[in-house]
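Got a predicted structure here, sequence first:
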Amino acid sequence: MLYNSLQLLHVLSVIVWVGGMVFAHFFLRPAALQLEPPERLRLMHEVLRRFFAAVSVAVLVVLGTGLWMVGRVAKQTVQAGGSFAMPLDWTIMAALGLVMMAIFGHIRFALFKRLQRAVAASDWPAGGQALAAIRTWVSVNLALGVTIVAITLLY
Ligand code: HEM
C-alpha cells in the first residue's frame, strides 16, 4: 500500500511537470505569439512564475518518492537474502531524471530570473531572449521526460 501510494504521488507529479510543459509549449506559446511583446512577456512571466513554483514541488516529490521506492525494494531484497541491483530502466529513469532536474534548476534560477529582471525593467528585447532560452530548455526537458516515460513503460 505504501509502495503504491509512493508510485501514485510519483506519477501524479510527473503528470504535472510533463503535462505542464506540453501545455506551455504547444498551446500557450503559439497563442501568446499573437500578443505584442509587452503583453506577451508579462503574461508568460506570470504563467511561468506559477508553473515553476508547482514544478519545484513536483521535482521534490518525484525525487523523494523515486528514491524511497528504490530504497524499499533494495531493503526488501537484501532482507530476503538476495543482492540488489537496480533494474536498467530504473537506472535510466534516475539518471535522466537528475539531468531534467538540473536543467529545471538552470531554467528557474538563471533564465527565469533574467526574464523577471527584463519584465521589471520593461526591457522587452532582453525579455524575448530570456523567454526564447527558456523555451529551448523546456523542449529539451520535455523530450527527456517523454523518453523516460516511454522507456519505463515499454521496457
Ligand atoms: C531521480 C529520479 C527518479 C527516480 C529515483 C525514480 C524511480 C522510480 C521508481 C523506483 C519507480 C517504480 C517502478 C516500479 O515499481 O515498477 C518509478 C516509477 C515511474 N517513474 Fe520514476 N524515478 C525518477 C524520476 C522520474 C522522472 C523524471 C519521470 C518522468 C519524467 C519518471 C517516470 C516514472 C513513471 C511513469 C513511473 C511509473 C512506471 C510504472 O510503475 O510502470 N520518473 N520511478
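In hand now; what should we look at?

Quick check, V18 in contact with L142.
Yes. Contact criterion C-beta atoms under 8 Å: V18 and L142 qualify, at 6.8 Å. All C-beta atoms are positioned from the backbone trio N, CA, C, and that covers glycine.

can you give me the strands in the chain?
When assigned using DSSP state E, the chain turns out to have no strands.

Near the ligand, which residues of it? Just list them.
Within the chain, the positions near the ligand by C-beta under 6 Å from any ligand atom are 7, 10-11, 14, 18, 62-63, 66-67, 69-70, 90, 93-94, 97-98, 100, 145, 148-149, 152-153.

In helices, which of those appear?
7, 10-11, 14, 18, 62-63, 66-67, 69-70, 90, 93-94, 97-98, 100, 145, 148-149, 152-153 (DSSP state H).

measure the spatially most central residue of the chain to W68 for me?
Centroid check for the chain by C-alpha atoms, centre = their mean gives W17 as the closest residue, at 4.7 Å. According to C-beta to C-beta, to the nearest Å, W17 stands 18 Å off from W68.

How about V59?
15 Å.

out of these two, which sits in the more crowded spot?
V59 (19 against 15; other C-beta atoms under 10 Å).

who's in contact with stretch 128-145?
14, 17-18, 21-22, 24-25, 29, 37, 41, 44, 48, 96, 99-100, 103-104, 106-107, 111-112, 114-115, 118 (C-beta atoms under 8 Å, 6 or more residues apart in numbering).
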